[in-house]
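> Make a model of this:
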Amino acid sequence: MEHFTYTAPAAETHLVTFRNNFLVTYSGHHSGFSSWWTHHKILATSNGTSAGIIEVRPHNVFKLGANFGVYFEH
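Okay, the predicted model is just below:
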């Protein structure tokens, strides 16, 4: 596995925004990310574990749970 180094930006930096997304259950129910099912933010860390330095973090969902932004951390 190749190892990459990460240099944090001087300020939090917008990477991407996911828009108009929804999840669909096997029964056909669809909803945004903030629905009745369990959900957690996934963080990208320097070593892939919760002990690592957070490098990329999603922000809170908006527009009924259909949109959220992802940012490089400083």
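
> C-alpha only now, for contacts and for neighbours.
Noted.

> Show the model's pLDDT score for the spatially most central residue of the chain.
Among the residues of the chain, residue 58 comes closest to the average C-alpha position under C-alpha atoms, centre = their mean, at 3.3 Å. Looking at residue 58, its pLDDT reads 90.

> which residues pair with it across the strands?
Going by DSSP bridges, residue 58 is paired in beta bridges with residue 70.

> pretty sure it contacts residue 43?
Yes: using C-alpha atoms under 8 Å, residue 58 is in contact with residue 43, at 7.2 Å.

> In this structure, which residue sits furthest out from the middle?
Largest centroid distance in the chain under C-alpha atoms, centre = their mean is residue 27 at 25.7 Å.

> before we move on, the earlier item: contact partners for the residue nearest to the centre of the chain?
Neighbouring residues of residue 58 by C-alpha atoms under 8 Å, 6 or more residues apart in numbering: 41, 42, 43, 68, 69, 70, 71.

> show me where this protein has strands.
Secondary structure of the chain (DSSP state E): strands at 13-18, 23-24, 30-31, 44-45, 54-58, 68-72.

> Looking at these, which one is packed in the most?
strand 54-58 (a mean of 19; mean count of other C-alpha atoms under 10 Å).

> what angle separates it from strand 13-18?
40 degrees (axes from the mean of the first three to the mean of the last three C-alpha atoms, to 10 degrees).

> before we move on, the earlier item: in CSV: the strands of the chain, plus distance to residue 7.
What follows is the strands of the chain, written out as CSV (distance: least, C-alpha to C-alpha, whole Å):
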stretch, distance to residue 7
strand 13-18, 12
strand 23-24, 34
strand 30-31, 36
strand 44-45, 12
strand 54-58, 9
strand 68-72, 10
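
> Let me know which of these is the nearest to residue 6.
Of all the strands of the chain, it is strand 54-58 that lies closest to residue 6, at 7.8 Å by C-alpha to C-alpha.

> Report the angle between that closest one and strand 68-72.
160 degrees.

> that older thread, any idea how far the residue farthest from the centre of the chain is from residue 68?
For residue 27, the distance to residue 68 (C-alpha to C-alpha, to the nearest Å) stands at 25 Å.
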